[in-house]
Every structure is written in structure tokens, then in C-alpha cells.
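Student: predicted model, plus sequence, below.
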Amino acid sequence: MTTPSQPADTRPTAADYYAVNRGGGLFSEAISQRIGARIAVQAHKHHLSPTVMTVFNLGLGVLTSFLVIAAAGPVADGSVWAAPIGLLALVGWQLAYAFDCSDGQLARVTGQSSPAGARLDVLCDVAVQSSLVAALAATAKAQEPDTPAWLLAAFAATWMVNLVTSVMQGGDQASSMVSSRALPVRAAKLIRDYGAVVALAGVVLTVAPQWTVWFVALFTLINGGFLAASIAFTGRAALRG
């Protein structure tokens, strides 16, 4: 375990924090986890605990979503430019996710992991992602008033599949339907990489918010399909016992 009072040259480096990252996908490992490692360095330098990083993720993620929701109508009727709101979403959600990456890195490297901290992390992730879903649903409805209510409900219901399955990946019972780490496989998995998906959402809100309803439909289909496949995969494994 290290302490913030150590001399600067003996404190963990960004490479030390990145070495204990929990992945998340090709995009997350290449970008989000690396930014998170640098945040962890500064957090340790300024005596900030992993819980503070978790709360930063919560505050920044929810605030960004609230601003997108508030601007959904004005953007749709043309009274507010889409690009600044989309860029705000792109940067805000990505930075919030980087804080989410940093809290675990900081906790593992400095020996501050705890069951309560892990639970808080998951609960804050649920809050941030719920707000993000609300922001995308509000934008889709504002841009296309005829968007079916069932589609928005299905989008909200299936979005959490990623979060649930990522939590289930911990422990001795973790498994994957496709465990290969070959580059083509990892590239294909970008469609379920949270960092990549949130980046795509930000790009859509920036350049073509009218396409948000198609984003919603696409990820409802993807996440629903993954849930069905996961049930079948796990059910087959359970029958084999």
C-alpha cells in the first residue's frame, strides 16, 4: 500500500495505475482507462480517495445528462445550436467515465478497496447511465415526436444489460461467450464497449441529433440480442452442469 505522503519519485505512476485497469473494451482500454490512470495520479497527489472519484463520476455524468435533457426541445426547434450541446455531451460523458475508470485503479494500487466502495461505484454507475438513457430518449422524442413509447421503454430496459453483465464478470464464475482477444474480435466488440458507445452518442448529438432515434433503435436491438444470446449461452452451460 502506498500513501500520499511518499516522495514524488516513489509514488505510483500512470503506468502503475493503468496496469491494474479492468478493461472494458478496445476503446476503453486505449483511451478511457489511460485518462483514468492520469486522473488517479493527480488524485493520489492531492490526497483524494477513490470515493471522491466515484462522486465526481456521478456529479459530472448526471449534470451532463441534465443539460442535454434541458436542451433537447430547443435543439429540436432550432433555437439552440446542436453542436455545442453535442460536444458538451461527448466531453462530459467521456470525462465522467474516465473518473469511473480512475476510482478502481486508485483503490487497487493504493490498497483502498472495500466492499462498500465497490457497491457505491456500481450504484453511481446505475445513476449515471440512467440519466444518460433519459437524455438520449428525451432527444429522440424531441427530434421525432412520433417515436413509439415502447421503443423508448425497450431502450431503457435493455441498456442496463451491459452494466449487469459487466458486474457479473467479476469473481471465479466469470465467463465470456467469445473469449478471444484477437484484434478482429475486439474490434467487433466495440459495439458493446461503453466508452465507444458513449462517444458515438456524443458524435450523433453533435452532428445529427435527428438520428438519435436510430441510435436508440440500433442499441435496443443490439442489447436485446445480446441479452437473449447470454441467456442461451448461460442456460446451455447450466444444463451441462
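Tutor: Sure, I can see it. Numbers count the residues shown, from 1 in each chain.

Student: burial count for residue 226?
Tutor: When neighbours are counted by other C-beta atoms under 10 Å, residue 226 registers 17. Heads up, the C-betas are built off the backbone N, CA and C, glycines and all.

Student: oh, that last question was meant for residue 85, not what I typed.
Tutor: 24.

Student: quick one: distance of the helix or strand encompassing it to the chain centre.
Tutor: Using DSSP states H and E, residue 85 sits within helix 82-110. Put simply, helix 82-110 sits 8 Å off its chain's centre (C-alpha atoms, centre = their mean, to the nearest Å).

Student: list the helices and strands that helix packs on?
Tutor: For helix 82-110, the contact count by 3 or more C-beta pairs under 8 Å, 6 or more residues apart in numbering; DSSP states H and E identifies helix 14-18, helix 33-45, helix 50-76, helix 115-143, helix 194-207 as packing neighbours.

Student: flag the shaky bits of this protein, pLDDT-wise.
Tutor: For the chain, applying pLDDT under 70 flags the ranges 1-9, 166-180, 241.

Student: now do the spatially most central residue of it against residue 53, distance only.
Tutor: Nearest to the geometric centre of the chain sits residue 194, at 4.3 Å (C-alpha atoms, centre = their mean). Distance of residue 194 to residue 53, computed by C-beta to C-beta, to the nearest Å: 17 Å.

Student: let me have the helices and strands packed on helix 82-110 in CSV, adding distance to residue 83 as columns.
Tutor: As requested, those are exported to CSV (distance: least, C-beta to C-beta, whole Å):
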stretch, distance to residue 83
helix 14-18, 32
helix 33-45, 23
helix 50-76, 10
helix 115-143, 14
helix 194-207, 5
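
Student: quick one: closest of those to residue 217.
Tutor: Nearest of the helices and strands packed on helix 82-110 to residue 217, taken as C-beta to C-beta: helix 115-143 at 8.8 Å.
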